[in-house]
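>>> Below are the sequence and a predicted model for it; my questions follow.
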Amino acid sequence: MRVSNNPYSPSQVLPHHDGIQPSDGGHLHKNSGWRLYLQTVIARSYPRVVGQMRDVSWMFFDTLLPLLSVCTYVFVYRAIHAPEDYIGFVVVGGAMIAFWMNVLWGMSSQLYWEKEQGNLALYIMSPSSLMAMLLGMALGGLFSTSLRALMIIVLGSLFFNVQYAIASFSQLFAVFILAMVALYGLGMMTSSLYLLLSREAWHISNLAQEPVYLFSGFYFPIKNFSFWISAVASLIPLTMGLDAMRQLVFKTGPTLGFVSVPIEIIVLCVLSVVFLIAARFMLAYMEKLAIREGRLTENRR
Amino acid sequence: MQSTDLQTTQNPLSIYSRSFRVAAWLGWQIESNWTDPFLFAVYSIIKPLAGAGILVVMYSVITNGNFASPIFSYIYLGNAFYVYVGAIMSGISWAVIDDREHYKTLKYMYVAPINVPAYLIGRGVARFLVASITVIITIIIGFLFLHVNINLASINWLLFLVSLLIGVIMLALLGLSLAGISLLIVNNVWFIGDAVAGALFLFSGAIFPLEVLPAWLRPIGFAMPVTYWLELLRRSLVGHIAEAFPTLQSLSNLQLIGILLGLTVIFGTISFFLFRYCEHVAQERGLLDMVTNY
């Protein structure tokens, strides 16, 4: 059946295949419920996982460049004759920065980029859940960023001969997983704010880099801050995650920890639950607000 | 047919000056008009101050707050002035990305009667101004609260101003080369300014003496004009402290200025021709109006 008179419309240019024809009397099968949710998660994580296999330039830009920063801070510690474990602190902190950057630019700001490119309105119109899309972004981002972080740790450890003394693999695994769940939950929660933001989105993300590096203690133990500064900084999951990891993988770690590892695990559990629930509610609220104020298709450049 | 009263100019210097001035004003508007001036000021200084804060805490943790040590002034001042490197170089190369990918106006720049290198350098002026405020505030905080050993009476102002001027020109020319490369690359074009700034941060001895680097890496630092520029700025502000470090101890201020000037001319010439070459290739390949959506 001719659908369009336009000779360049897809229905004219693309040959018809039986495989894409509705097979049940004109009704296409559509997933809904948890199947659609899962399908959305997989679809949104797919480009983040596959994209990096197709374009390997990230190995230079996302691994070598952070490694330069790591090297710089290592040499600062060497210049002031810091104990060797501090070199390891910098390497591990430098690797964990990759996750913060991914949450900041690949999660929170992502909805702003989508708005800029005109995709956001399509997302909202589709029957898929925005939460599922963000979860897909998170899982895809987590996978690709883990590769980057691993490369930074391996190369940094080899360059600077970092010595690890892992106290408990199970606790280390638990801390890492919980820190990631809480961190990406935070990313999903803050991304709802970006539904409303315009040009300022880029600046806000940019502003959230160095201050977080400072207060989350990426390059030094946060115990050196006062208790209350460390406590407030612990609202960012990487603060406690990093502190716990240092305690678990370095010999001098436990003496430099902010609080004990079990307490940090409990706090990370609480943060994970709070951020994920808050993300659910904030996304729903912000979506309504953005629709009401006409911000979803706004492009003020 | 009546002649119009529109005035055009064929004087290259005039075109250069006009392109630079208008680009500087445009750059300032783009940088600052997304929010109110107060928030913009806060935003502009928090990021670099946090960067300085990281070094201050790292130093404090290891030395128990011995800020009177010469190495602290070395680190602190190097880091403060390094703000210029990232700001100017990234500011100029970012203009290409902004105009091509975001505003989609780069193609119009090429059909307008302007000098494109002057326009791009002009776009970096806003970041230079913001960086200047940041550098001043960082140094004042260091002087007032962190015992950075600056003696106002013994500052060599002439050396400071001459070094600063040469350095800013050198950084602008390096930024031009990055702008040229930005015209050609697609992926990761966003990071090129940060990439080069990050590499220079490591190799120029900005925040640690070059002796700390492995011997095989030091020649890279000695080939970089930024190394000599930072040394001159330190010497002009805290001469006796900066000269205590062995890296460039054997060189006088005049010799350092000579080396900086020489390297600026060499890198500047390379940058200019690199930009022109990249521009030519971009025109040949039709890349000037490319939108990558990265």
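Alright, I've got the coordinates.
>>> Please name every helix or strand in contact with the helix or strand residue A:153 falls within.
Assigned by DSSP states H and E, residue A:153 belongs to helix A:130-160. If contacts are counted by 3 or more Cβ pairs under 8 Å, 6 or more residues apart in numbering or on different chains; DSSP states H and E, helix A:130-160 sits against helix A:33-54, helix A:65-79, helix A:84-101, helix A:120-125, helix A:169-193, helix A:261-292. Where C-beta positions appear, they are placed from N, C-alpha and C, glycine not excepted.
>>> Need these in a markdown table (columns: mean pLDDT, distance to residue B:116 and mean neighbour count).
Formatted as a markdown table, those follow (pLDDT from 0 to 100; distance: least, Cβ to Cβ, whole Å; neighbours: other Cβ atoms under 10 Å in any protein chain shown):
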| stretch | mean pLDDT | distance to residue B:116 | mean neighbour count |
| --- | --- | --- | --- |
| helix A:33-54 | 86 | 33 | 15 |
| helix A:65-79 | 91 | 28 | 22 |
| helix A:84-101 | 92 | 32 | 24 |
| helix A:120-125 | 84 | 34 | 15 |
| helix A:169-193 | 91 | 37 | 21 |
| helix A:261-292 | 90 | 39 | 17 |
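>>> Rounded mean pLDDT for the helix holding residue A:153, please.
For helix A:130-160, mean pLDDT rounds to 90.
>>> Same check on stretch B:96-114?
Computed over stretch B:96-114, the mean pLDDT rounds to 87.
>>> now do stretch B:119-135
Rounded mean pLDDT across stretch B:119-135 is 91.
>>> Give me the contacts around it.
With contact meaning Cβ atoms under 8 Å, 6 or more residues apart in numbering or on different chains, stretch B:119-135 is reached by B:19-24, B:26-28, B:30-32, B:41, B:44-45, B:48-49, B:80-81, B:83-84, B:86-88, B:90-92, B:94-96, B:109, B:168, B:172, B:175-176, B:179.
>>> redo that, cut-off 7 Å
For stretch B:119-135, contacts defined as Cβ atoms under 7 Å, 6 or more residues apart in numbering or on different chains pick out B:19-21, B:23-24, B:26-28, B:31, B:44-45, B:48, B:80-81, B:83-84, B:87-88, B:91-92, B:95-96, B:109, B:168, B:172, B:175-176, B:179.
>>> got the buried residues for that stretch?
Buried residues in stretch B:119-135, defined by neighbour count with 16 or more other Cβ atoms under 10 Å in any protein chain shown: B:119-131, B:134-135.
>>> Return it as CSV; C-alpha atoms alone will do.
Presented in CSV, the C-alpha positions along stretch B:119-135 are these (Å, rounded to 0.1, in the frame of the first residue of the first chain):
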residue,chain,number,x,y,z
TYR,B,119,38.8,36.7,16.3
LEU,B,120,39.7,33.4,18.1
ILE,B,121,42.4,35.1,20.2
GLY,B,122,39.9,37.8,21.1
ARG,B,123,37.5,35.1,22.2
GLY,B,124,40.1,34.1,24.8
VAL,B,125,40.2,37.6,26.4
ALA,B,126,37.2,37.0,28.6
ARG,B,127,38.8,33.9,30.1
PHE,B,128,42.0,35.9,30.6
LEU,B,129,40.1,38.6,32.5
VAL,B,130,38.3,36.0,34.7
ALA,B,131,41.6,34.2,35.2
SER,B,132,43.3,37.4,36.3
ILE,B,133,40.7,38.0,39.0
THR,B,134,41.1,34.5,40.2
VAL,B,135,44.9,34.7,40.2
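>>> what distance separates that stretch from the centre of its chain?
Put simply, stretch B:119-135 sits 8 Å off its chain's centre (Cα atoms, centre = their mean, to the nearest Å).
>>> Can you name the residue of the stretch 1-150 of chain A nearest chain B?
Proximity of the stretch 1-150 of chain A to chain B (Cβ to the nearest Cβ) peaks at residue A:79, 3.9 Å away.
>>> Neighbours of the residue of the stretch 101-250 of chain A found nearest chain B, how many?
Chain B sits closest to residue A:210 of the stretch 101-250 of chain A, with a gap of 3.8 Å, by Cβ to the nearest Cβ. By other Cβ atoms under 10 Å in any protein chain shown, the residues close to residue A:210 number 19.
>>> Quick check: pLDDT value at it.
87.
>>> same thing with the one 3 residues further on?
Predicted confidence (pLDDT) for residue A:213: 92.
>>> need the residues of chain A near chain B, please.
A:55, A:57, A:61, A:65, A:68-69, A:71-72, A:75-80, A:82, A:117, A:199-200, A:203, A:207, A:210-211, A:213-214, A:219-220, A:224, A:301 (Cβ under 7 Å from any Cβ of the partner chain).
>>> ok, back up a step: name all residues that make contact with the residue of the stretch 101-250 of chain A closest to chain B.
B:47, B:50-51.
>>> overlap between these and the residues near chain A?
Contacts with chain A within the contacts of residue A:210, counted by Cβ under 7 Å from any Cβ: B:47, B:50-51.
>>> And the helices in the stretch 151-294 of chain B, which stretches?
Assigned by DSSP state H, counting those that start in this stretch, the stretch 151-294 of chain B shows helices spanning B:157-184, B:192-203, B:218-222, B:225-242, B:253-285.
>>> OK, contacts around whatever residue of the stretch 151-294 of chain B ends up closest to chain A?
At 3.9 Å from chain A, residue B:208 is the closest residue in the stretch 151-294 of chain B, using Cβ to the nearest Cβ. The contact partners of residue B:208, by Cβ under 7 Å, 6+ apart, come to A:75-76, A:79, B:75.
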